[in-house]
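[1] sequence plus predicted model, see below.
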Amino acid sequence: MRTKISVILPGIRKGHWSFFYDRLKMSLDHKFELIIVSPYDLPEDLENKEDIKFIKDFGSAARCQQVGLYHAAGEFVTWCADDCVFFKDRLGELVHFYESSRKSYRDIAIFKYFEGKCGANGLKHTSGKTEMSTWNYYKLKNACPWLAGSNIPDDYWILNSGILDTRYAKELGGWDAQFEGTFAAHVDFAIRTQNAGSDYLLFDKPGFHCTHTPGPSGDHGPVHYGQILHDEPLLKEIYFSKANIGRTNIDLENWKNSPSVWTRRFGERK
């Protein structure tokens, strides 16, 4: 039986992986593979699991996620950060929605997600706002107002969370590992898929819940500074250039051109 879905997890929070794996199993009843890409070894209880692929890599989060896609063998692919957990049965519901709704292998299903604390009306962002429960939050023009005036259509969506056909993801080249963090890589991939004609199917339920680490606090510093000092300027450079209007395909093995060690997090390694 072919693996239905590959779940890519670029990870640094080794202590959370076992919980993530257990909740993933509760989220779907399809055959899956969890692809963990990290500089840290698997915890002992996850060693020798037939549904886990482990790849050691000291690269950036974007590079690790792209490495995971390169090795993905599932019919469909999704991704997640390792401070998140999927809701019970939700990933299975998403797979069913995607299979029954798509008209083309280029179609992509996106779903809502939440960060921070739980509240009486469901999961809320740490700020107490519920903006993540509305689809307006997932419009690219609202998520990235600093790209206003670029060559990106106003009606494009972001793709921080979603599911798509693995062969299509690979055909377009996946995520661009010249970015450091996954947010910018997700934005770029979202733009390229919509440039290529993908229809976005809206699954109106939250798929997973993440923690919320503001600014450079905790272990978020390299991601925070990588985004504001490198990734946002690079996105602007790409999408304010007329040469990149209609940008779609990139090299699937582009991760080989990115640093093998993310020095912003791991320093210089010999």
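    In hand now; what should we look at? Everything quoted here is computed from the prediction, not taken from an experiment.
[2] I would like the residues contacting the longest strand along the chain, please.
    Counting residues, the longest strand in the chain under DSSP state E turns out to be strand 200-210. Contact partners of strand 200-210, identified using Cβ atoms under 8 Å, 6 or more residues apart in numbering, comprise 80-81, 83-87, 90-91, 93-94, 97-98, 101-102, 107-115, 122-123, 132-133, 135, 157, 161, 194. The way it works is simple: take the backbone N, C-alpha and C, and place the C-beta from them, glycine included.
[3] write the ChimeraX selection for whichever of these are buried.
    Here is the ChimeraX command that selects the buried residues among the contacts of strand 200-210 (16 or more other Cβ atoms under 10 Å):
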select :80,81,83,84,85,86,87,90,91,93,94,97,98,102,107,108,109,110,111,112,113,114,115,123,132,133,157,161,194
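[4] got the CA positions of the longest strand of the chain in PDB?
    Output for strand 200-210, consisting of C-alpha atoms alone and laid out as PDB, is shown next (Å, rounded to 0.1, in the frame of the first residue of the first chain):
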ATOM      1  CA  TYR A 200      -6.700  27.100  -3.400                       C
ATOM      2  CA  LEU A 201      -9.400  25.000  -1.600                       C
ATOM      3  CA  LEU A 202     -10.300  26.400   1.800                       C
ATOM      4  CA  PHE A 203     -10.800  23.800   4.600                       C
ATOM      5  CA  ASP A 204     -12.600  25.800   7.200                       C
ATOM      6  CA  LYS A 205     -11.300  24.100  10.300                       C
ATOM      7  CA  PRO A 206      -8.000  24.600  12.200                       C
ATOM      8  CA  GLY A 207      -5.500  21.800  11.400                       C
ATOM      9  CA  PHE A 208      -3.000  22.300  14.200                       C
ATOM     10  CA  HIS A 209      -2.100  24.400  17.300                       C
ATOM     11  CA  CYS A 210       1.300  26.000  17.800                       C
END
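[5] after that strand, which helix or strand is next?
    Scanning forward in sequence from strand 200-210, with DSSP states H and E defining helices and strands, the next element found is helix 221-226.
[6] which strands and helices sit next to the helix or strand following that next one?
    Counting by DSSP H and E, the element after helix 221-226 in chain order, helix or strand, is helix 232-239. If you count contacts as 3 or more Cβ pairs under 8 Å, 6 or more residues apart in numbering; DSSP states H and E, helix 232-239 packs onto helix 182-195.
[7] in the helix it packs on, what counts as buried?
    Counting neighbours by 16+ other Cβ under 10 Å, one finds that the buried residues in helix 182-195 are 182-195.
[8] could you do stretch 160-171 as well?
    Under the neighbour-count criterion of 16+ other Cβ under 10 Å, stretch 160-171 has 160-166, 168-169 buried.
[9] average pLDDT across it?
    Stretch 160-171 shows a mean pLDDT of 98 in the predicted model.
[10] low-confidence ranges in the stretch 101-250 of the chain?
    By pLDDT under 70, the weakly predicted segments of the stretch 101-250 of the chain are 117-131.
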